[in-house]
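# Fold the following for me, if possible:
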Amino acid sequence: MRELARALEVDPRLLSQWELGIRVPPVEEVARILGYLRVDRAVTNRILALAQHVKDPNWLDSNPSDLPAALTGVMQCERSASLITNWSPQIIPGLLQTPDYARTLLSASETKAEVVDARLVARLKRQRILSGYEPVRLKAIISELAIREVVGEAGTMSDQIDHLLALGVTSNISVRIVPADVGYHPGKIGMFALYDFPSDPSIVFLEHHHASAFVNELEAIASYRKLVKVLLDKALSEDVSRELLREAAR
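Now for the predicted structure:
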């Protein structure tokens, strides 16, 4: 990623935003990227044709029918939410993952390549809610341990951190890091996502290895809101979090 950015004289953060669809690259920049990567003419023509219509409504169809019910439910929550608060103590949240980082995680728990490919496509499509007209607001609270844990090759991790830095400066995304040395807190038990909707009651989603659950009881939701406050009180500010990310990317 950084090599390509240097060759094209493009900010790596902007290139990362193009890759994940947070920003739409001009067609001429798409052509430059394809030329640098020496993509053959037939494939280049198809991609450029897509690039010309990328802003058209429904330019790609999303069909979750072949996905697990829990994942389909998550996708529906993400599309309907006005605010998502995500706590991730061990890995980067799925909505903020780069393709290489996500593929490494998916491959670690799934041996069938076709399943990994399908899950990866679904994960990347989910990320579109963070861009476009009226994007969803995301508060990502991430443990420093998730930043320090090397997933895949060193380049995979550095690209992932660059991607977090790029996303963290967008108006609808907040990225805050909880330092590793803050001591025990209830958030260490596991990850969760709190979905707030414009008019419907809030929902919490819990996920573990081969197990997940949606929680909508009022008392439980209130408990998770208190936990969010605990985590935010322990987290670094957005500015200091960016400093930590820059240091980790070196």
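# what's the domain layout of this protein?
Annotated domains of the chain cover 1-61, 62-249 [automatic domain parsing].
# What segments of this protein are helices?
Taking DSSP state H as the criterion, the chain contains helices spanning 2-8, 12-20, 27-36, 41-52, 69-80, 99-109, 113-126, 144-148, 154-168, 218-234, 238-249.
# what's the least confident stretch among those helices?
With a mean of 76, helix 12-20 has the lowest mean pLDDT of those.
# quick one, what contacts V116?
Residues in contact with V116, defined by C-beta atoms under 8 Å, 6 or more residues apart in numbering, are R103, L106, S107, E110. The way it works is simple: take the backbone N, C-alpha and C, and place the C-beta from them, glycine included.
# okay, those in CSV with neighbour count and distance to L48 next?
Output for the contacts of V116, formatted as CSV (neighbours: other C-beta atoms under 10 Å; distance: C-beta to C-beta, whole Å):
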residue, neighbour count, distance to L48
R103, 18, 25
L106, 17, 29
S107, 16, 30
E110, 14, 33
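# from the residues you listed, which two are the most distant?
R103 and E110 (10.3 Å; C-beta to C-beta).
# For I47, see how far away the residue of the chain most remote from its centre is.
Going by C-alpha atoms, centre = their mean, the residue of the chain most distant from its centre is R41, 31.5 Å out. Noted for R41: a distance of 11 Å to I47, by C-beta to C-beta, to the nearest Å.
# that older thread, among the helices of the chain, which comes closest to P186?
Per C-beta to C-beta, nearest to P186 of the helices of the chain: helix 218-234, 5.7 Å.
# Please point out which parts of the closest one sit buried.
Across helix 218-234, burial judged by 16 or more other C-beta atoms under 10 Å covers I221, Y224, L227, V228, L231, K234.
# Need the contacts of V116 in TSV (columns: distance to V240).
Supplementary listing: those in TSV, determined by distance: C-beta to C-beta, whole Å:
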residue	distance to V240
R103	31
L106	31
S107	33
E110	36
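# Name the nearest of the residues you listed relative to Y195.
Distances from Y195 to those, taken by C-beta to C-beta, are shortest for L106, at 22.7 Å.
# show me the residues around that closest one that make contact.
V116, R119, L120, R123.
# Tell me the most packed of those residues, by neighbour count.
Counting neighbours by other C-beta atoms under 10 Å, R119 comes out on top of the contacts of L106 with 21 neighbours.
# Skipping adjacent residues, who's closest to that one in space?
L106 (5.2 Å; C-beta to C-beta, 6 or more residues apart in numbering).
# and the gap between that neighbour and A113?
Separation of L106 from A113 (C-beta to C-beta): 10 Å.
# Cheers, nothing more for now.
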